[in-house]
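*Asks:* when you get a sec, could you give me coordinates for this:
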Amino acid sequence: MAEAGSDTVLDRKITVRFDGSVESGMPWEFKPVVRTMELNIGEDGLAFYEAYNPTDHPVAGQAAYNVTPYEAGGFFNKVQCFCFTEQVLMPGERVQMPVNFFVDPEIVNDRDAKYVQHITLSYTFYQIDLPEDVQASWEAGQKQETNVN
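*Replies:* Next up is the predicted model:
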C-alpha cells in the first residue's frame, strides 16, 4: 500500500528513469544513485540523487525538474523532494538527496497517458547566490584562519 499519497496500488508496473545534470558553469557533480526503478502504479517510491562540491568554497544550488513524456507529468507526484528547497554544499561535501514519489493510479484512465510504460524524472541543478548567513559564516571562518597563520 502506498504510504505517501495514493491509497490505491495497481497490479501494473511502470518504470521510472532518473536523470541528473548541472547547468553550464555549475561546479557540482550531480547524478542519480540508481538509474531506473520499477514499481507498481500507486506504490510509494524513494530514489536518491548524489551531489558533490569539488571546490574549495561553499556553493548553493537549486534544482529544476522535468517529467517526460508530457502526458505522464500530471500523474507523477513528488511527496518530498530536495528540489523544494535550495541546497548548500560546503567544500568537498558529498550528499545523497532523496525524492519520495508515486505515480497516480488515475494515469490508467487517461486517454493519452494510459499507454505510458516509462517515465523519466530529470533534474538540472543551477547555481544560486549563497544565503547571507552561510556567506557571513564562511567569510568569518576564512578571516579567522587567515589571522591564525
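
*Asks:* which residues sit in contact with residue 68?
*Replies:* Shown in contact with residue 68 (C-beta atoms under 8 Å, 6 or more residues apart in numbering): 119, 120, 122. Glycine gets a C-beta too; all of them are placed from N, C-alpha and C.

*Asks:* you'd agree residue 71 is up against residue 116?
*Replies:* Yes. Using C-beta atoms under 8 Å, residue 71 is in contact with residue 116, at 6.1 Å.

*Asks:* show me which of these two is the more surrounded one.
*Replies:* Between residue 71 and residue 116, counted using other C-beta atoms under 10 Å, residue 116 has the larger neighbour count: 21 against 17.

*Asks:* tally of neighbours for the spatially closest residue to the more buried one that is not a sequence neighbour?
*Replies:* Distance criterion C-beta to C-beta, 6 or more residues apart in numbering; nearest residue to residue 116, sequence neighbours excluded, is residue 72 at 4.6 Å. Residue 72 has 25 neighbours, counted by other C-beta under 10 Å.

*Asks:* got it, and residue 100?
*Replies:* Neighbourhood size, residue 100 [other C-beta under 10 Å]: 16.

*Asks:* perfect, that will be all.
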